[in-house]
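> got a predicted structure here, sequence first:
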Amino acid sequence: MDFFTDYYLLQEQVSENKTWKLLRADNADVILAFLKNVFKEEREIPYDEAYVLLTGFLNDLKKIKSP
């Protein structure tokens, strides 16, 4: 593919693809940090475990960011 073909393909994906929308989100850094840490050793975890981990992660983040 040439540059312009790639450009237009990526431009379309950026505007329509849910993954790209997630990466552009204001809280993308929080989401990506959580996913990286939760799934660095396991490919899948039960919902209940993910919920507990996310709750703990968000609580820890609030403590760090609170004055």
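Ah, there it is.
> could you find the closest non-adjacent residue to Val38?
Leaving aside its chain neighbours, Val38 sits nearest to Leu53 (5.6 Å; criterion: CB to CB, 6 or more residues apart in numbering). Every residue, glycine included, has its C-beta placed from N, CA and C.
> distance check, the one you found against Lys36.
Remark: distance between Leu53 and Lys36 (CB to CB, to the nearest Å) = 12 Å.
> show me what the host helix or strand of Asp48 is packed up against.
Secondary-structure assignment from DSSP states H and E places Asp48 in helix 47-65. Contacts defined by 3 or more CB pairs under 8 Å, 6 or more residues apart in numbering; DSSP states H and E place helix 47-65 against helix 28-38.
> buried ones in the helix it packs on?
Neighbour-count burial for helix 28-38, with 16 or more other CB atoms under 10 Å as criterion, is recorded at Phe34.
> Trp20 contacts Gln11, doesn't it?
No. Using CB atoms under 8 Å, Trp20 is not in contact with Gln11; the gap is 10.2 Å.
> nearest residue to Ile45 in space, please, no chain neighbours.
Val38 (6.6 Å).
> next up, the contacts around the one you found.
With contacts taken as CB atoms under 8 Å, 6 or more residues apart in numbering, Val38 has the following neighbours: Ile45, Ala50, Leu53, Leu54.
> what separation do you get for it and Phe57?
Between Val38 and Phe57 the distance, using CB to CB, works out to 8 Å.
> return the list of helices and strands in contact with the lowest-mean-pLDDT helix or strand in the chain.
Within the chain, confidence by mean pLDDT, DSSP states H and E is lowest for helix 18-24 among all helices and strands, at a mean of 84. Contact partners of helix 18-24 among helices and strands, from 3+ CB pairs under 8 Å, 6+ apart: helix 3-16, helix 28-38.
> could you point out where this structure is predicted with low confidence?
Scanning the chain for pLDDT under 70 picks out the ranges 1.
> picking that back up, what does the least confident helix or strand of the chain contact?
Here helix 18-24 has contacts from Gln13, Val14, Ala28, Ile31, Leu32, using CB under 8 Å, 6+ apart.
> and the closest residue to the fourth one other than its chain neighbours, how many neighbours does it have?
Setting aside the residues directly before and after it, Ile31 is nearest to Leu22 in space (CB to CB, 6+ apart), at 6.4 Å. Counted with other CB atoms under 10 Å, residues neighbouring Leu22 total 13.
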